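>>> The following block contains a protein sequence and its predicted model.
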Amino acid sequence: MAAPELSVCIVNWNTRELLRGCLASLRDDPPALPHEVLVADNASADGSAALVAAEFPTVRLFANDANLGYAEGNNQVLRAARGRWLLLLNSDTAIVPELDPAPFDKLVAHLAAHPFVGAVAARLVQPDGLTQASCRGFPTPLALAAEWSGLARRWPRRFGQYRLRDFDHRSFRAVDQPMASCLLLRRRALQRVGLFDPQFRIFFNDVDLCLRLRRDGWRIDYLPTAAILHYGGASTRQVRPAMVRESRDALLRYLAKHDAPRRGRLANALLAGLVRTTFGLRLQLDRWRQDG
């Protein structure tokens with residue numbers, strides 16, 4: 001068997017049936033180039049690891065005894081990966097030939113043709129056929145304030161830099177941070193900036209990685225001609241209130257890590273207060289919806 005050129009890296013937590021569909025699509029419609037598939041299962045309680053071992057024996061399985069989180073789970077398989085190209089792939093995705101029979105080959109071809117690009121993301125298509133808005137700008141304090149104040153919705157072209165509200169996801173462009181649901185990394189770029197920061201267990205680890213890639217001089221592209229089915233949020237929906245709090249804490253850690261000294265103590269305190277207030281309102285709205 002030829003050495004793998006592409007390593008498909010999947011982290012799973014309690015999404016057994018979606019994981020089965022993802023792995024079956026990779027088996028039935030595999031990439032053209034030599035590849036390997038690695039799965040880190042974070043102590044799932046639904047039999048995910050046993051499923052992989054029984055039904056997909058060629059997959060390199062890492063059955064963890066504890067939930068390492070998304071960042072460290074990815075680091076685990078990235079360290080073990082042997083390919084030149086490293087694909088981060090969510091367990092709730094699948095190759096659909098009618099949508100795109102060769103999305104991963106297109107992503108690899110794009111990186112191979114553009115040596116200054118460190119990562120490229122595929123277009124994510126929801127089960128209803130709509131393209132998911134999967135790219136954002138970096139969450140700077142001004143961008144977050146514009147989003148949460150409503151300015152971004154009112155004047156998206158001027159103030160919508162965070163959610164890229166005026167970006168048509170059917171078109172190609174360089175972006176700050178695409179979702180890592182289907183993100184191909186150049187090994188050399190990852191080696192230069194390092195693996196995921198484990199302090200971001202579930203959220204903002206991909207944002208932090210993309211920021212480090214951009215600061216190191218790499219471009220990140222969004223390639224809509226490479227398309228993959230994405231169900232979305234299958235793991236985090238299982239414990240939504242806890243995930244909202246985790247997202248809040250991860251954003252606070254991200255803001256503290258990047259450029260906090262330049263903002264000053266008062267500005268950082270005000271920013272942290274804004275983040276806590278906004279996420280507190282999100283939790284309260286969720287409670288009202290559940291009660292209603």
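The structure has been received and is ready for your questions. Residues are numbered from 1 along each chain as shown.
>>> How many residues are close by the closest residue to residue 220 other than its chain neighbours?
Taking C-beta to C-beta, 6 or more residues apart in numbering, and ignoring the residues beside it in sequence, residue 220 has residue 119 as its nearest neighbour in space, at 4.8 Å. To be clear about C-beta, it is placed using only N, CA and C from the backbone, and glycine gets the same treatment. Number of residues near residue 119 (other C-beta atoms under 10 Å) recorded here: 28.
>>> Check residue 23 too.
Neighbours of residue 23 (other C-beta under 10 Å): 23.
>>> which SS class is it?
Classification of residue 23 by DSSP: H, G, I helix; E, B strand; the rest coil places it in helix.
>>> For residue 255, see how far away the nearest residue to it once chain neighbours are set aside is.
For residue 23, ignoring the flanking residues on the chain, the nearest one in space by C-beta to C-beta, 6+ apart is residue 56 at 4.9 Å. Separation of residue 56 from residue 255 (C-beta to C-beta, to the nearest Å): 40 Å.
>>> Then residue 64?
29 Å.
>>> And the helices in the chain?
Using DSSP state H, the helices of the chain run over 16-28, 48-55, 69-80, 103-113, 141-149, 151-154, 156-159, 187-193, 205-215, 240-257, 260-263, 265-291.
>>> which outside residues touch the second one?
Around helix 48-55, the neighbours that count as contacts under C-beta atoms under 8 Å, 6 or more residues apart in numbering are 12-16, 19-20, 23, 39, 41, 59, 61, 63.
>>> In those residues, find the pair that's most separated.
Using C-beta to C-beta, the pair of those lying farthest apart is 14 and 59, separated by 17.6 Å.
>>> Touching, residue 3 and residue 34? I think so.
Yes. Counting by C-beta atoms under 8 Å, residue 34 is a contact partner of residue 3 at 6.6 Å.
>>> how does the protein divide up, domain by domain?
6-134+169-237, 238-291 (automatic domain parsing).
>>> lowest-confidence stretch among those?
Note on these: lowest mean pLDDT is at domain 238-291, with a mean of 79.
>>> would you turn the domains of the chain into a markdown table with distance to residue 145?
Listed next are these as a markdown table, based on distance: least, C-beta to C-beta, whole Å:
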| stretch | distance to residue 145 |
| --- | --- |
| domain 6-134+169-237 | 17 |
| domain 238-291 | 7 |
